Structures are given as C-alpha cells and as structure tokens.
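>>> what's the 3D shape of this:
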Amino acid sequence: MEVNVSAESFESIVPGGEFQEKYKKNNDIIFYRRQRDQAVSQYFASFETLVLTDRGASLELCEQDSQDRLCLQIRATQSGTVRVSLDELQPVKPRYHVSDVLVGELRYEPLRVHWKREDCVCLTWGLGQYKLLVSFSPFKLEISCDEEEIVTLNPENKLYFETLQDPIRSSSDSCQNDENRCGLWKETFRQFEDIKANGPSSVGMDLSLHGFNHTYGLPEHADTLVLKDTSVTEAYRLYNLDVFGYDINSRLGLYGSVPFLLAHKPERTAGVFWLNASETLVDVKYNPEPNEDEDEPPGKKSKVSPQTDVRWISESGTIDCFILLGPTAAQVFSQYAQLTGYQALPPLFSLGYHQCRWNYEDEADVKEVDAGFDLHGIPYDVIWLDIEHTNGKRYFTWDSKLFPNPAELQHHLQKKNRKLVVISDPHIKIDPDWPLYCEAKEGGHFVKNREGAVYEGTCWPGESCYLDFSSSKTRSWYARQLSLSKYEGSTESLFVWNDMNEPSVFNGPEQTMPKDAVHHGGWEHRELHNLYGFYQHMATFEGLLTRSGGTERPFILSRSFFAGSQRLGAIWTGDNVATWGYLKISIPMLLSLSLTGVQFCGADVGGFVQDPDPELLVRWYQAGALQPFFRGHSAKMTKRREPWLFGDDVTSAIRSAVQDRYRLLPYWYTLFHQAHTSALPPIRPLWVEFPNDTRMFAVENQYMIGGALLVCPVTDPGVTEVKVLLPGSDELWYDTNTAAVHKGARTLDLPVTLNTVPVFQRGGTVVPRREGCGSSTADLQQHPITLSVALDSKGNADGFLYLDDGHSFNYRDQMQFCLRRFTMRAGRLVNSCADDQGSFVSDDKVESVVILGLNSLKRKPKLKSGVKRAKVSFCGAPKTAVTFEFDAKRGPLSFVSPYNGGTRAQLLPNTHCSSANGSNPKRRL
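Coordinates of the predicted model:
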C-alpha cells in the first residue's frame, strides 16, 4: 500500500505556533549550556614543546585541572591567513576532521622565532609584518599586523575541549544516572533519545576582534545583515534544519550553515572561519555596542576602543580555525575562496528567469505555462517539476499518467532553448519492488541507526531510507543514476534540484536525522550533520558533469549547504512566506550569503506559501530580478500565480522587470566571471564598496550589484516615495530611469510608482546591456550590446565585458573566452583586451553607446580603429562620423555606428571613439 505525506497536512503550520516548538532553543542544547555555564578553563603551554617545521609550528597545551593534553598547530599562508588547529594529543580514538571542504593542500610559510621570553614567544613569517604572540601561562594567541593587534584567541580563557572517553564502565547506577542527567552520555529532547557513543565531545573557543564593532556572515538566518549582540538573546545557531515558514528576525538555524564571520572597520576587514560540521553556536558581544550616530565629531566619541568578542561552541569534532587578515574586503573574499573554492561559473541560462511550482500537474500544464510566457512576451529559461512528477515519490522516475513522454516534453522545451529542472531528494522510498531501492540497500549506500541496521525515517514517500552521501562510493553510485542510460526519460537539457537535504526527516528530532545515526567509517551523524546537503550537492554535480563527459557546466540548486557549496551551484533561502516582511528580510539574507562565498543565491519570488497580493507580487519580481538567482516558486496549496493572472497592469510591470533582467545579463555574467576568478560577490553591501563610510556599515535595504549599480528595491506596501542613501561625497549617481544625476553623501527622496525600480549607476563606470531580450537567454546574441558610460567628476569611466559560449568548460580548458575593457579617459572611449590569454571570437555587436554626464558637445563623435590588423574592430574604418543624439538639458549623449546596415559595430580590439566636449576642451569623447 502506498503511504504518502500530503501537502494539505502541512498547510496549517505556517508560521509559528506549535510547529516552532519542535526546534531547540539555546537552553535545550546541553553541550552549549555546559560550556556557557563554566567560568574559565586554564590551559598552559610550554616553550619546551615548541617544534618549528617548514609548514608551521606545533606545541602542547595542558589543562590545569584535568591534565588533558592537546596538540596545537599554528600555520600561516603568504596571502595573510593564519590556521589554528587543536586536537587531542593522545585520543582514545580519532576525532572527526572535516574533509572535502578545503580545496587542495594549502601552501604554508615557515614560521620563525622573532623573540622569546620566559612567559611567551613571538613568531613571524615572510617579510615580518605579521606577528603571532603565544603566551604560555595561561595560553593565549595574539595576531597582529604592522604592530596593530587584530585578533586574540582565548583572551578570556574559554578554550574548551572535552576529550573522548571509553563507554561508561561504572558499576554505580547512580553515577551513570547523574551523568545522563547532565547529558554527557545520553540526553532526551521531547520524545527523542540521543545516545552518545563517545560521551561528551564538545569543543569551543573565544576570540576578540580589536577595533571592530560590526560583524557579518554566519548564514543561514532570517535576520539583520549586521550580527546582533547575543549577550541577552539567543546565540546564532548553525544546524541545518527544515524550517517551513521560518520566523524572521531569528537566530534559529535554517537550511544551511557557513561558519564564517567577517568583521569590518574603516581601516580593515578580517574574517574568522570555524571549520566544524557539527552543531555550532556562536555568541557575539560588542564592547562597547555600536553607536548609531557613527559620524559624531571625534571629540564627542567614546574613548573606549571598540572590540567584538566572539565565542564558538561546537558539539564535537576538533578546533580548526582560520583567521583571515585582509586587510581589504576583497582580500578577505580571496583568502576565503583560496580555502573553500571560488563560485562556480554558472551556465548562462541559469542566470535567466526560472518558473517553478509545487506542482505543475502534467505535460499539458507545463506546455500551457511555457506558451503563456511566449504569449505575454515574458522571457524565461527554465521550468521546474516538484515531487508530484515522480511515480509515488520515487526519484529518477516519472508518473506515467501525468508525464508519459518526458523526453518529448524536454525536446519541446529545447526547441525554444529552454530547460527542465526536476527534484531529487536524498530519501529513498522503502519499496522492495523498486530496483533502485534494492540496489542502494544491497550496495550499502544507506545511513544506519545506532544498532547497525539501516536507518528508517519518514518523508514525502512515507517510510524511507537515507543515502549516505558522506561515502565517496555512494556519491559515485548516485552520480551514475543521472546518466542518460540509467535515468529513463532524461535528456541533456534536464537539470536537478536537491531539496529536503538537511536532511529532513518528518518523524525525527527537530525534523531531521538523529545524531546517533551512523555513517560510513563509523562516524556518528552529529559529527557531520551540516555536511549532509553539501555531499548530496557534490554527488549531483558529479553526476551531471559525468553525463556530459566533463564538457558542460552543471546546474544544480540545493536547499542545504555548507562552506564550499559555492563550487557546486546555486542555493535559495527555502520555504518563505508571501508577506512584505519576508520580501524585506530576503535582502540581508542574500547579502550575508554573498559575503560568505555562496554567491549564486536567491529567494522564492512571491513567497512559497500563502498568496501574495498583486502589489507584493510585482515588488517581489522587481527585487528578484536584481538578485543572483531568479526563480518564482509557490506551494500547491496556494493559488496559481503565473505573471499574467493578475490583470494587464501587473503583467506589464512583471514583464518589464524580467526584461530588464535579461537586458542586464551581459553585466551579470561579467560579475559571475569576477566571482569565479577573484571571489568578488556579484551583490555586495554598501560597505564593501565604501569601506571608510561608517554610515554604510549597517545598511541592508539597498546594495550594490558589482561596483557600478546601486539598487534599492521597494519592500513596503503603498509607498509613493522611497529614501535612497547615495554614498560617497565625491561620487556621482545617475538614475537609470531618468538619467538625472545626483551627488553622493546625501539621502534622496525618490518618487515611485508601481513600475519604478530604483537603480542608480555610479559615476566612473561602464555597464554593458543588451538592446533587447527575446524569449530566453539563447536569443540574447541576436540583440546588440549597448554601453552605458557614466562619467565621474573627472570625466572618466571604466568597465568590463566577459563573453564565452555560455555553457561549456571551453573557457577553462581551451581559453575560449573574451574579456574586454572599456575605458573613458580625456574624452576617449577605448575598447581594449583585458586578458590576452582569451581566444574566443565573439559575433556580438555594440550598436550604441550612451554617455551620461556630458554638459555640452561641440564636435560630432567619431569612431576609429587603433589597430591595423585587428581581428574585428569597433568601427571598420579609419575615421567615421556616427549618428548621435545629445540632450543638453539632461546630459546623456547617445550614438550608434553607421556600419552593418547603419546600426552595428563589431566589438573587439583596441578601438576608440572621440569627440570634443564643450564643457572641457581637453576632454574628447
């Protein structure tokens, strides 16, 4: 008999109420209470145990009371990262070390003794600008750069390390019961019992960030961009959970975890990466707390030097802490990417719009929705199928009645250059008649329970088993299921969505897998819980990569994630709700993810559950079009919400937002190339671009797309005006809707209508756009490129355009890419090669250039080539006048090339356009 969990049974749990009581609060987490309530621990180090190698230093620590001995390793990289690792010196058994997150073997610098005293030793490396001061009694580690103390580890003696023990051998039942009441060997939450095979094993450490009172990161939480002081509130919990309709303004753990914290002050950005995959809580305390009036005159400011104290507490594993010293935000991003990997370069189609619903009913429904986008002139690239497309929630199958010809459906979409995405969750329906279940069971691919039998839990199919993705053997087996020969009905235009992979277990503690379940190698689930979704994401990536023979870039969306997930694809913020509050909170959530490396991220447009009113839906599309991953999604208990179902005005507004997204894709794709090569996030908080302006440090309702565009999505109902903060006293900002120019260092009161999307281009930048958008990203090349050149106060501008084939790894393996730089200097707009390794010859054309910021024009613009033997030139003739328009009142100059039918000029090497500008005789265009 089929046993399936219905969607309707979950309809009543959104949001809050008894549903939220299934999740632990801080006081329910016994290992956290144990560490929090202990005053101090006294660890001592001895210089006699110091050993220097060509890869760092090591020495022993001893705890005063227990005499537990730890091995401390200190390593440093040339780029400015310090790694501090602590493990038991002689454990009764090995402790869990996180694998597969760090990319490759790190290159460490030899450390040397700079000076030593009886109670401490100072180490340095490289040119000597960095110093590591190790205090022995008690142990403390201070890290400084150019004599400025940046970070101190264990300043309050809260280093905590519970050593592993043999199972309880006490003959005294009362002793055992006392220990169980303390949660050392067994604890109970609600009706769930957790047996700890290794006894208590938690670790923790405190650190102080000197001079900082703004910290960021630690996703995923539905909370503010700046981390809050947790002295009297809940700590930030990093524990991947399926939280349907999660509370906002909460530090409860959500679907993914990145244990990476950034700190920023005007002179420096620093980072702390805590590599531990078990349940982790982070406390933050500001001393003194940040003053909202940051621009107070210096004489009135507090003389107390700011400091942020951070305490990390993890249930198990080891201490493996990386201090990223910056000093700039860009350098911290790069240092972190060198550890965990750079953002994967997504296939171009995945940057378009995605249409999803739980569930499109059948093939006819999919085709009707697909046709609806064409009928209403709204571009899109991907349509998605949720769990109902399968045969009884058996993944890698199709419901033969609803989807009898899946390959034909994919071919139908592919003719329009569109893709299909299907869901694949980690639970496998228990069905002895299903070959895939039998193969997985016989191959030992399932997680086991503490007794050694296959673990069984409940999810959408009913009783299920869970694949053990921590095993490379299981990941390879799973990857093979995605081959065209194994996955019947699939084609090369089918891509994958990993959902429910925290993992979600409906009848499990906190709706997830018990911590005492057992993985490959005998490791308890508690050790690697936060890696589970990361490993499924990895297995799916390997499957799609193998399917194409290693030539095509995979696209996979995962709900659960960890540090390093950026290498594998996209993530989204999970089951949000159709309210203005969730629209508003999506911005700081995505900015937090972007700061911590997970840069291909988005939120369900319109809200997954409940029904948005038309205004909210429009505003969400406008906001979603300005975020990296752009997908509309809704639950089956909601009303249908295709963009054309709310009247012509709503359809028109949504069409405009989506079309604007497609026209801007050359810029988005260039930003993802930068993320892929330099780790710069495509969307950034204002402080990243304006690091010395303290007023920017807490702004979370507006942000930068790259370095050129400032956006301020409308996230409140019924407004006719929004306040936009324009940074930089020496900056110019151009309204992309009106071309009006505004000086920086002011707050602009901007009138808005339902069709207004506040976007400003920064003076000094060049932004490439497409003239049109077609029906999908495949049509973009049919539309020429327009360059929007926004002049700064000196009449200069710079920008880049990255091009490749949009889908393969040829850009990497064969250098088939093209990176162009556009530079405006002294009145000349020059197009030059920015990377001569690239050999991709593009057919793309620049049709027009719009220059913002000219006051007058005295001579007609001309195009000319600066290279005799250019493969392709901007103009094709030595010197030619162009068709142009100049608005003397507003300042934009627009011109088009006379070639190729009077409309286009090809885009490639070393060409420029010039003209005289009446406001400055030395400046030529």
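>>> how about stretch 345-364 as PDB, C-alpha atoms only?
Provided in PDB are the C-alpha atoms of stretch 345-364 (Å, rounded to 0.1, in the frame of the first residue of the first chain):
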ATOM      1  CA  LEU A 345      30.700  29.900 -13.200                       C
ATOM      2  CA  PRO A 346      27.100  29.200 -13.900                       C
ATOM      3  CA  PRO A 347      25.800  28.400 -17.400                       C
ATOM      4  CA  LEU A 348      24.200  31.500 -18.900                       C
ATOM      5  CA  PHE A 349      20.700  30.000 -19.000                       C
ATOM      6  CA  SER A 350      20.700  29.700 -15.200                       C
ATOM      7  CA  LEU A 351      21.000  33.400 -14.800                       C
ATOM      8  CA  GLY A 352      17.700  33.900 -16.600                       C
ATOM      9  CA  TYR A 353      14.300  33.500 -15.000                       C
ATOM     10  CA  HIS A 354      13.100  30.200 -13.600                       C
ATOM     11  CA  GLN A 355       9.400  29.300 -13.300                       C
ATOM     12  CA  CYS A 356       8.500  26.700 -10.600                       C
ATOM     13  CA  ARG A 357       5.500  25.400  -8.700                       C
ATOM     14  CA  TRP A 358       4.700  22.500  -6.400                       C
ATOM     15  CA  ASN A 359       3.500  21.100  -8.800                       C
ATOM     16  CA  TYR A 360       2.700  21.600 -12.400                       C
ATOM     17  CA  GLU A 361       0.100  19.000 -12.900                       C
ATOM     18  CA  ASP A 362       1.100  17.200 -16.100                       C
ATOM     19  CA  GLU A 363       2.800  17.700 -19.500                       C
ATOM     20  CA  ALA A 364      -0.100  19.700 -20.900                       C
END
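>>> Tell me where the model's unsure across this structure.
1-20, 168-181, 289-303, 864-882, 884, 886-891, 897-925 (pLDDT under 70).
>>> How is it divided into domains?
Structural domains assigned to the chain are 26-166+187-218+258-290+304-340, 349-425+473-503+528-646, 694-887, following the TED database.
>>> how long is the second one from one end to the other?
Using Cα to Cα, to the nearest Å, the span of domain 349-425+473-503+528-646 from its first residue to its last is 27 Å.
>>> from now on call the first residue 15
Noted, 15 is the first residue going forward, which turns the last one into domain 363-439+487-517+542-660.
>>> about what we covered before: for the domains of the chain, which one ends up most surrounded?
Ranked by average neighbour count under the criterion mean count of other Cβ atoms under 10 Å, those are headed by domain 363-439+487-517+542-660 at a mean of 22. For the C-beta atoms, the positions are set from N, CA and C on the backbone; glycine is no exception.
>>> From the chain's centroid, how far away is it?
Going by Cα atoms, centre = their mean, to the nearest Å, the spacing between the C-alpha centre of domain 363-439+487-517+542-660 and its chain's C-alpha centre is 16 Å.
>>> Quickly list what Lys154 is bridged to.
The partner list for Lys154 in beta bridges (DSSP bridges) reads Ser149.
>>> didn't it look like it was pressed against Leu167?
Yes - at 6.9 Å, Lys154 and Leu167 qualify as touching, with contact defined as Cβ atoms under 8 Å.
>>> circling back to that earlier point, so which of the domains of the chain gets nearest Thr684?
Checking the domains of the chain against Thr684 by Cβ to Cβ gives domain 708-901 as the closest, at 4.2 Å.
>>> Which residue is the nearest non-sequential neighbour of Phe45?
Nearest residue to Phe45 in three dimensions, chain neighbours excluded: Ser216, at 4.0 Å (Cβ to Cβ, 6 or more residues apart in numbering).
>>> same question but for Pro696, I mixed them up
Leu685 (4.0 Å).
>>> Tell me how far the one you found lies from Lys443.
According to Cβ to Cβ, to the nearest Å, Leu685 stands 41 Å off from Lys443.
>>> One more: Trp288?
Applying Cβ to Cβ to Trp288 and Lys443 gives a distance of 37 Å.
>>> try Glu516
Going from Glu516 to Lys443 by Cβ to Cβ gives 19 Å.
>>> Please apply the same query to Gln349.
The value you get for Gln349 to Lys443, if Cβ to Cβ is used, is 44 Å.
>>> How many residues are close by Thr665?
Thr665: 19 surrounding residues under other Cβ atoms under 10 Å.
>>> I figured it hits Trp658, correct?
Yes - the pair Thr665 / Trp658 is scored as a contact, 4.8 Å apart, by Cβ under 8 Å.
>>> any residues in contact with both of these two?
His390, Ile392 (Cβ atoms under 8 Å, 6 or more residues apart in numbering).
>>> need the strands for the stretch 265-414 of the chain, in chain order.
With strands called from DSSP state E, counting those that start in this stretch, the stretch 265-414 of the chain shows them at 274-279, 282-288, 294-301, 321-328, 333-338, 367-369, 396-399.
>>> of all those, which lies closest to Tyr676?
Tyr676 lies closest to strand 367-369 among those, at 7.8 Å (Cβ to Cβ).
>>> Residues contacting that closest one, please?
383, 387, 392-398, 435, 639, 643-646, 656, 672, 675-676.
>>> can you tell me which of the residues you listed are in helices?
Val383, Phe387, Val672, Arg675, Tyr676 (DSSP state H).
>>> Tell me the one among those residues nearest to Cys726.
For those, the nearest to Cys726 is Arg675 (16.5 Å; Cβ to Cβ).
>>> For that closest one, give me its contacts.
Neighbours of Arg675 in contact, by Cβ under 8 Å, 6+ apart: Gly366, Tyr367, Ala639, Leu640, Phe644.
>>> Which single one of those residues is nearest to Leu866?
Nearest member of the contacts of Arg675 to Leu866, counting by Cβ to Cβ, is Leu640, at 19.7 Å.
>>> from what I can see Pro875 touches Ser908, true?
No - look at Pro875 against Ser908 with Cβ under 8 Å: they stay out of range, at 9.8 Å.
>>> Would you agree Thr202 falls within a strand?
Yes - judged by DSSP: H, G, I helix; E, B strand; the rest coil, Thr202 forms part of a strand.
>>> can you give me phi and psi for the nearest residue to it once chain neighbours are set aside?
Spatial nearest neighbour of Thr202, excluding adjacent residues (Cβ to Cβ, 6+ apart): Asp208 at 7.3 Å. Main-chain torsions, Asp208, degrees, to the nearest 10: phi -120, psi 110.
>>> How about the contacts made by Lys107?
Contact analysis of Lys107 by Cβ under 8 Å, 6+ apart lists Leu178, Asn212.
>>> which residues in the stretch 715-864 of the chain form helices?
824-827 (DSSP state H, counting those that start in this stretch).
>>> hang on, the earlier thing: wait, the residue nearest to Phe45 sits on Thr177?
No - counting by Cβ under 8 Å, Ser216 sits too far from Thr177 to count as a contact (10.7 Å).
>>> before we move on, which element is Thr230 in?
Check again: residue 230 is Tyr, not Thr. Using DSSP states H and E, Tyr230 sits in strand 229-231.
>>> That strand pairs with which strands?
With DSSP bridges as the test, strand 229-231 is paired with strand 274-279 (antiparallel).
>>> between the partner strand and strand 333-338, how many degrees?
40 degrees (axes from the mean of the first three to the mean of the last three Cα atoms, to 10 degrees).
>>> Contact partners for Glu502?
Thr411, Trp412.
>>> Val148 now?
Ala59, Leu73, Ile88, Cys134, Val135, Cys136, Leu137, Lys154, Leu155.
>>> 10 Å - rerun?
Shown in contact with Val148 (Cβ atoms under 10 Å, 6 or more residues apart in numbering): 59, 61, 64, 71, 73, 86, 88, 130, 133-137, 154-156, 167.
>>> Nearest residue to the residue positioned nearest the centre of the chain in space, please, no chain neighbours.
In the chain, the residue lying closest to the centroid (Cα atoms, centre = their mean) is Val612, at 2.0 Å. In this structure, Val612 finds its nearest non-sequential neighbour in Gln580, 5.1 Å apart by Cβ to Cβ, 6+ apart.
>>> Gln795 too?
Setting aside the residues directly before and after it, Gln795 is nearest to Asp858 in space (Cβ to Cβ, 6+ apart), at 6.3 Å.
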